[in-house]
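Trainee: heads up, no residue letters with this:
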């Protein structure tokens with residue numbers, strides 16, 4: 001199911017703005033009731049074609065002129081930027097050294113050939129790196145469909161972007177959406193929470209930061225949450241491509257996420273070192289791509305979301321460790337959704353939360369400071385700058401927190417507001433907050449975790465820790481006599497997830513077979529491995545980090561877990577091996593540090609031969625590799641191409657085509673006469689591109705032609721598997737057929753519970 005879901009997802013569909021649902025956990029321009037809780041705005045006829053929408057909204061212009069968020073003399077440039085289309089921006093994904101290799105390949109293979117192109121007497125701007133994004137891994141492209149149609153080079157480049165995006169090697173993401181994770185300052189040991197994560201591009205950024213150290217699994221934890229069940233599957237799709245064993249995806253209301261604990265009595269709730277609070281908003285910063293916002297925008301959109309945003313931010317501060325950092329962000333320019341929400345929580349915290357001065361961060365990013373005064377527009381169109389100006393009826397609908405605060409030392413100038421005309425982006429608001437002490441409403445004995453019915457005024461049971469240790473906060477004395485918890489009833493969940501069944505211990509027969517075959521080290525324990533079904537043969541085995549293996553069994557009856565773990569082993573359909581399980585390419589990086597047997601080093605020439613041929617004979621490989629594998633038993637193995645210079649096959653003797661910054665690892669299968677890679681066709685083409693073998697489109701065509709020719713054979717020879725050149729996907733298909741024949745669930749070899757239905761709302 002996941003594979004068909006990936007095929008249906010297209011590169012151009014990954015845009016940032018979240019569409020708001022009636023429960024308030026989306027983002028975008030869905031109609032909001034007028035005022036804080038007033039009458040609904042009359043529905044206008046929908047226009048099917050976005051091109052007929054007039055990019056004008058008088059109420060929008062009048063509202064933001066009153067707010068004075070645009071520097072003097074720049075109003076026309078501000079509005080003109082909103083009326084133009086956004087450029088294409090993408091980020092190279094993966095761990096740091098691999099991202100650098102991909103970026104280098106992009107520049108050498110594609111970008112250099114896009115310089116000097118002229119279409120209809122108009123020069124085409126080549127791709128350019130975002131100056132303010134570190135390490136030259138984020139790129140901006142100003143292309144139109146017309147230009148792509150008229151240029152073969154641009155058409156090749158577009159196909160490359162689509163293919164690499166589907167493979168997860170690059171991520172399409174709006175530039176301003178990349179800013180919040182950069183201000184979080186995430187380290188590999190941090191415990192991180194993304195409260196409103198779907199569809200997951202910011203979550204993917206955080207994963208990349210946590211995996212900054214090549215070749216090691218981070219000690220930290222990333223919890224990604226979203227309330228919309230369908231959007232959670234989009235989140236799983238986005239993050240699965242990075243295959244992090246440190247990720248847990250939850251399906252909970254961000255305003256009342258239950259505490260996560262490490263003990264049965266729930267006396268030690270986990271607190272987080274870093275929290276991203278990218279809340280649902282009116283989305284008027286997305287005018288450049290969400291055409292409906294032009295037609296539907298009113299001041300009531302932001303007014304109606306203010307209370308929800310406060311509740312989410314409050315819950316985030318409750319789950320934040322003392323000394324930790326929370327980044328609050330919206331894709332709205334409205335101060336009622338931005339400065340008003342932040343100042344309200346700082347005032348409530350009574351000196352235990354402060355805004356972080358980030359002026360030294362991202363020096364090349366142009367932004368304006370936050371504002372200290374603004375106005376609020378009523379449902380009847382009247383404007384007020386103070387809560388005291390309202391009538392008694394209006395005060396019921398518009399709380400004081402919507403208006404400028406008189407609380408001292410707010411330092412709202414530390415907020416960032418990015419305007420579209422600054423650097424050809426969308427609009428965005430970002431601010432970082434630091435928790436300096438225990439929140440005043442949490443100093444007393446805490447009440448149970450808040451629920452929907454308890455609302456905003458209910459305190460949380462989470463208690464702040466003493467710093468950035470990434471450990472659970474100390475339990476208050478009032479909970480010393482806490483009773484064992486009862487399972488939480490979860491309402492409104494439309495789809496029941498498959499169970500997460502961890503290995504029981506050292507005596508598990510599957511664990512013993514795998515441990516002995518691959519000689520796993522002491523760094524991995526059996527309780528880090530899990531399956532997604534209680535009965536039958538284990539088809540797919542997933543690996544999690546130690547903290548998740550400890551946390552998940554203690555909380556699975558309190559929260560709805562959608563996904564966790566990375567697939568590292570799968571039951572093999574091939575005969576003749578001492579172990580029934582083989583390594584899976586997607587999770588190889590996670591388990592590789594613990595494997596001490598069946599590892600072989602390949603030369604660049606061997607790597608090219610293995611990648612270009614589905615079932616190469618052993619005698620075709622180098623003498624060194626033949627000698628290394630000759631005494632090895634048949635079965636799964638690891639093949640590694642070390643980092644360093646790669647000689648070109650067509651550039652003459654000694655000509656260096658590319659230098660790898662990090663080694664490449666492949667899942668392989670050694671049989672009596674052959675040595676082959678269990679790597680998909682798309683992955684083969686990607687690796688060949690990294691090795692300087694030309695454009696990925698040409699490589700892909702050659703690889704697919706060879707695969708089709710092999711699959712066209714009417715009969716496949718059995719025995720030692722000489723002529724059974726099955727890649728990872730073909731092996732999975734065989735596992736499905738075998739599982740169905742056994743009467744078991746065939747989908748166990750796929751990523752469990754990933755539904756093919758995708759929410760129509762787009763976001764980042």
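Mentor: Arrived safely, thanks for sending. Here the structure is a predicted model, which means the values were calculated and not measured.

Trainee: which residues does residue 238 contact?
Mentor: Residues near residue 238 by Cβ atoms under 8 Å, 6 or more residues apart in numbering: 171, 199-201, 203-204. Any C-beta I mention is one placed from the backbone N, CA and C, and that applies to glycine too.

Trainee: cool, residue 402 as well?
Mentor: With contacts defined as Cβ under 8 Å, 6+ apart, residue 402 is in contact with 303, 306, 336, 340, 376, 387.

Trainee: Can you give me the separation between residue 220 and residue 607?
Mentor: Using Cβ to Cβ, to the nearest Å, one obtains 33 Å as the distance from residue 220 to residue 607.

Trainee: ditto for residue 195
Mentor: 43 Å.

Trainee: Comparing those two, which residue is more hemmed in?
Mentor: Taking other Cβ atoms under 10 Å, residue 195 and residue 607 do not tie; residue 195 has more neighbours (29 against 21).

Trainee: Residue 87 contacts residue 142, correct?
Mentor: Yes. Assessed by Cβ atoms under 8 Å, residue 87 is found in contact with residue 142 at 4.7 Å.

Trainee: So these two - more neighbours on which side?
Mentor: It is residue 87, of residue 87 and residue 142, that has more neighbours when counted by other Cβ under 10 Å, with 18 against 15.

Trainee: for the more buried one, what are its contacts?
Mentor: By Cβ under 8 Å, 6+ apart, the residues touching residue 87 are 140-143, 424.

Trainee: Tell me which two in those are the farthest apart.
Mentor: 143 and 424 (13.3 Å; Cβ to Cβ).

Trainee: Neighbour count: the two, which is higher?
Mentor: Shown here are residue 143 and residue 424; by other Cβ under 10 Å, residue 143 has more neighbours (19 against 15).

Trainee: for the lengthiest helix in the chain, packing partners?
Mentor: Taking DSSP state H as the criterion, the chain has its longest helix at helix 299-318. Helix 299-318 sits against strand 272-278, strand 320-330, helix 339-349, strand 376-377, with contacts defined as 3 or more Cβ pairs under 8 Å, 6 or more residues apart in numbering; DSSP states H and E.

Trainee: Buried residues of the first one, list them for me.
Mentor: Spelled out, that is strand 272-278. With burial defined by 16 or more other Cβ atoms under 10 Å, the residues of strand 272-278 counted as buried are 272-278.

Trainee: Could you single out the nearest of those to residue 505?
Mentor: residue 272 (30.0 Å).

Trainee: need the contact list for that closest one.
Mentor: When contacts are counted by Cβ under 8 Å, 6+ apart, residue 272 touches 190-193, 223, 319-321, 324.

Trainee: Just name the closest of those residues to residue 624, please.
Mentor: Of all the contacts of residue 272, residue 190 has the smallest distance to residue 624: 42.6 Å, by Cβ to Cβ.

Trainee: For that closest one, which non-adjacent residue is spatially closest?
Mentor: Ranked by Cβ to Cβ, 6 or more residues apart in numbering and with sequence neighbours excluded, the top spatial neighbour of residue 190 is residue 273, at 4.1 Å.

Trainee: Any stretches of this structure with poor pLDDT?
Mentor: Along the chain, the parts satisfying pLDDT under 70 run over 1-52, 94-97, 145, 214-215, 264-266, 444-495, 645, 647-658, 694-764.

Trainee: 50 - rerun?
Mentor: Scanning the chain for pLDDT under 50 picks out the ranges 1-48, 50, 445-484, 491-494, 649-656, 714-764.

Trainee: In contact with residue 243: list those residues for me.
Mentor: Contacts of residue 243 (Cβ under 8 Å, 6+ apart): 566, 586-587, 589-590.

Trainee: cutoff 6 Å now
Mentor: With contact set as Cβ atoms under 6 Å, 6 or more residues apart in numbering, residue 243 has these partners: 566, 586-587.

Trainee: Likewise for residue 77?
Mentor: residue 421.

Trainee: Over to it. Which of the three states is it?
Mentor: Secondary structure for residue 77, judged by DSSP: H, G, I helix; E, B strand; the rest coil, is helix.

Trainee: how close does residue 114 sit to residue 160?
Mentor: Taking Cβ to Cβ as the measure, residue 114 falls 11 Å from residue 160.

Trainee: Could you do residue 566 as well?
Mentor: Using Cβ to Cβ, residue 566 is found at 26 Å from residue 160.

Trainee: The two: which is more packed in?
Mentor: Taking other Cβ under 10 Å, residue 566 and residue 160 do not tie; residue 566 has more neighbours (24 against 19).

Trainee: Pretty sure that one sits against residue 591.
Mentor: No. Counting by Cβ atoms under 6 Å, residue 566 does not reach residue 591; the two are 8.7 Å apart.

Trainee: Now for these two: what residues contact both?
Mentor: Common contacts of residue 566 and residue 591, defined by Cβ under 6 Å, 6+ apart, comprise residue 543.

Trainee: how about the helices of the stretch 401-550 of the chain, start to end?
Mentor: In the stretch 401-550 of the chain, the helices defined using DSSP state H, counting those that start in this stretch lie at 420-423, 509-518, 546-555.

Trainee: so what does the shortest one touch, helix or strand wise?
Mentor: Other elements packing on helix 420-423 under the criterion 3 or more Cβ pairs under 6 Å, 6 or more residues apart in numbering; DSSP states H and E are helix 75-82.

Trainee: what comes up buried for the helix it packs on?
Mentor: Across helix 75-82, burial judged by 16+ other Cβ under 10 Å covers 78-79, 81-82.

Trainee: now do stretch 585-592
Mentor: The neighbour-count check on stretch 585-592 (16+ other Cβ under 10 Å) flags 585-592 as buried.

Trainee: out of those, which are inside strands?
Mentor: Among the buried residues of stretch 585-592, no residue falls in strands (DSSP state E).

Trainee: What is the nearest of the residues you listed to residue 71?
Mentor: Within those, the smallest distance to residue 71 is 46.6 Å, found for residue 589 (Cβ to Cβ).

Trainee: from what I can see residue 327 touches residue 434, true?
Mentor: No. Using Cβ under 6 Å, residue 327 is not in contact with residue 434, being 10.5 Å away.

Trainee: Of those two, which one has the most company?
Mentor: Each of residue 327 and residue 434 has its neighbours counted (other Cβ under 10 Å); residue 327 has more, 24 against 16.

Trainee: Who are the contact partners of that one?
Mentor: 180, 183-184, 276, 432.

Trainee: which among those residues end up buried?
Mentor: 180, 183-184, 276, 432.

Trainee: And those, which two are furthest apart?
Mentor: Based on Cβ to Cβ, the longest span within the buried ones among the contacts of residue 327 runs between 276 and 432 and measures 10.4 Å.

Trainee: start to end distance for stretch 132-144?
Mentor: For stretch 132-144, the first-to-last residue distance is 24 Å (Cα to Cα, to the nearest Å).

Trainee: Would you mark the buried spots in that stretch?
Mentor: Under 16+ other Cβ under 10 Å, the buried positions of stretch 132-144 are 132-133, 136-141, 143.

Trainee: Show me what that stretch is in contact with.
Mentor: With contacts defined as Cβ under 6 Å, 6+ apart, stretch 132-144 is touched by 87-92, 99, 103, 125, 127-130, 362, 364-365.

Trainee: how far is that stretch from where the chain is centred?
Mentor: How far stretch 132-144 lies from its chain's middle: 18 Å, per Cα atoms, centre = their mean, to the nearest Å.

Trainee: And the nearest residue to residue 421 once chain neighbours are set aside, how close does it get to residue 126?
Mentor: Take residue 421 and drop its neighbours on the chain: the residue closest to it by Cβ to Cβ, 6+ apart is residue 81, 3.8 Å away. Shown here: residue 81 relative to residue 126, a distance of 22 Å by Cβ to Cβ.

Trainee: same check, this time on residue 672
Mentor: 51 Å.

Trainee: who's more crowded, the two?
Mentor: For residue 672 and residue 126, the more surrounded residue by other Cβ under 10 Å is residue 126, and the numbers stand at 18 against 11.

Trainee: Good, wrapping up.
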